[in-house]
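*Asks:* what follows is a predicted structure for the sequence shown.
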Amino acid sequence: MQKSAYWFPAKEQGWGWGLPITWQGWLVYAMAAVLLVAGFFIFPLATSYVGFLIYNWSVVLLVLVVCWLKGEPLRLR
(Lines give C-alpha, C1' and ligand atoms only; values in the text may rest on other atoms or scores of the structure.)
Protein backbone atom coordinates (compact mmCIF):
# COMPACT_ATOMS: atom_id res chain seq x y z
CA MET A 1 0.00 0.00 0.00
CA GLN A 2 1.51 3.27 -1.10
CA LYS A 3 0.97 6.36 1.05
CA SER A 4 -0.04 9.59 -0.62
CA ALA A 5 2.50 12.40 -0.55
CA TYR A 6 -0.34 14.93 -0.41
CA TRP A 7 -1.43 16.58 2.82
CA PHE A 8 -4.72 17.89 1.42
CA PRO A 9 -6.93 15.92 -1.00
CA ALA A 10 -8.78 17.64 -3.83
CA LYS A 11 -12.50 18.02 -3.19
CA GLU A 12 -14.82 15.39 -4.62
CA GLN A 13 -16.98 18.06 -6.25
CA GLY A 14 -16.13 21.63 -7.10
CA TRP A 15 -12.73 23.26 -6.83
CA GLY A 16 -10.44 23.35 -3.80
CA TRP A 17 -9.11 21.08 -1.10
CA GLY A 18 -10.87 19.03 1.52
CA LEU A 19 -9.89 18.34 5.10
CA PRO A 20 -6.29 17.25 5.70
CA ILE A 21 -5.38 13.57 5.42
CA THR A 22 -2.06 13.72 7.30
CA TRP A 23 -0.97 15.02 10.66
CA GLN A 24 1.09 17.69 8.91
CA GLY A 25 -2.04 19.09 7.29
CA TRP A 26 -3.86 19.15 10.61
CA LEU A 27 -0.86 20.91 12.14
CA VAL A 28 -1.05 23.59 9.44
CA TYR A 29 -4.75 24.11 10.19
CA ALA A 30 -4.14 24.22 13.95
CA MET A 31 -1.30 26.72 13.60
CA ALA A 32 -3.45 28.91 11.36
CA ALA A 33 -6.28 28.83 13.91
CA VAL A 34 -3.90 29.82 16.72
CA LEU A 35 -2.41 32.62 14.61
CA LEU A 36 -5.85 33.95 13.67
CA VAL A 37 -6.94 34.04 17.32
CA ALA A 38 -3.63 35.64 18.31
CA GLY A 39 -4.33 38.38 15.77
CA PHE A 40 -7.07 39.73 18.04
CA PHE A 41 -4.48 40.31 20.77
CA ILE A 42 -1.59 41.42 18.57
CA PHE A 43 -3.68 43.92 16.57
CA PRO A 44 -6.69 45.02 18.64
CA LEU A 45 -9.51 46.12 16.36
CA ALA A 46 -10.05 49.37 18.28
CA THR A 47 -6.50 50.55 17.62
CA SER A 48 -5.24 48.82 14.50
CA TYR A 49 -8.01 47.76 12.14
CA VAL A 50 -5.86 47.86 8.99
CA GLY A 51 -3.03 45.97 10.69
CA PHE A 52 -5.51 43.34 11.83
CA LEU A 53 -6.84 42.88 8.29
CA ILE A 54 -3.37 42.66 6.76
CA TYR A 55 -2.31 40.14 9.41
CA ASN A 56 -5.38 37.92 8.91
CA TRP A 57 -5.13 37.99 5.12
CA SER A 58 -1.45 37.10 5.41
CA VAL A 59 -2.26 34.04 7.52
CA VAL A 60 -4.98 32.94 5.09
CA LEU A 61 -2.67 33.46 2.12
CA LEU A 62 0.04 31.42 3.84
CA VAL A 63 -2.40 28.52 4.39
CA LEU A 64 -3.46 28.70 0.73
CA VAL A 65 0.19 28.57 -0.39
CA VAL A 66 0.80 25.50 1.79
CA CYS A 67 -2.35 23.86 0.40
CA TRP A 68 -1.23 24.66 -3.14
CA LEU A 69 2.25 23.19 -2.54
CA LYS A 70 1.27 20.13 -0.50
CA GLY A 71 -2.22 19.40 -1.83
CA GLU A 72 -3.45 17.40 -4.78
CA PRO A 73 -3.51 19.30 -8.08
CA LEU A 74 -6.78 21.15 -8.54
CA ARG A 75 -9.28 20.65 -11.30
CA LEU A 76 -12.98 21.38 -11.56
CA ARG A 77 -14.98 18.24 -10.94
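*Replies:* Looks like it arrived, so ask away.

*Asks:* which other helices and strands does the helix or strand that contains Tyr55 contact?
*Replies:* According to DSSP states H and E, Tyr55 maps onto helix 49-70. For helix 49-70, the packing partners by 3 or more CB pairs under 8 Å, 6 or more residues apart in numbering; DSSP states H and E come out as helix 23-42. Placement of C-beta: from N, CA and C, glycine included.

*Asks:* average pLDDT for the helix it packs on?
*Replies:* Average pLDDT, helix 23-42: 95.

*Asks:* buried residues of the helix holding Tyr55, list them for me.
*Replies:* Using 16 or more other CB atoms under 10 Å as the test for burial, helix 49-70 gives 52, 55, 59, 63, 66-67, 70.

*Asks:* now do it and helix 23-42, the angle between them.
*Replies:* Angle between the axes of helix 49-70 and helix 23-42 is 170 degrees (criterion: axes from the mean of the first three to the mean of the last three CA atoms, to 10 degrees).

*Asks:* how far off centre is helix 49-70?
*Replies:* Helix 49-70 sits 8 Å away from the centroid of its parent chain (CA atoms, centre = their mean, to the nearest Å).

*Asks:* against Ile42, how distant is the residue nearest the centre of the chain?
*Replies:* The structure's the chain has its C-alpha centroid closest to Val63; by CA atoms, centre = their mean the separation is 2.9 Å. Between Val63 and Ile42 the distance is 17 Å, computed by CB to CB, to the nearest Å.

*Asks:* list the contacts of the nearest residue to Lys70 once chain neighbours are set aside.
*Replies:* Spatial nearest neighbour of Lys70, chain neighbours left out: Trp7 (4.1 Å); criterion: CB to CB, 6 or more residues apart in numbering. By CB atoms under 8 Å, 6 or more residues apart in numbering, the contact list for Trp7 reads 20-22, 24-25, 28, 66-67, 70-71.
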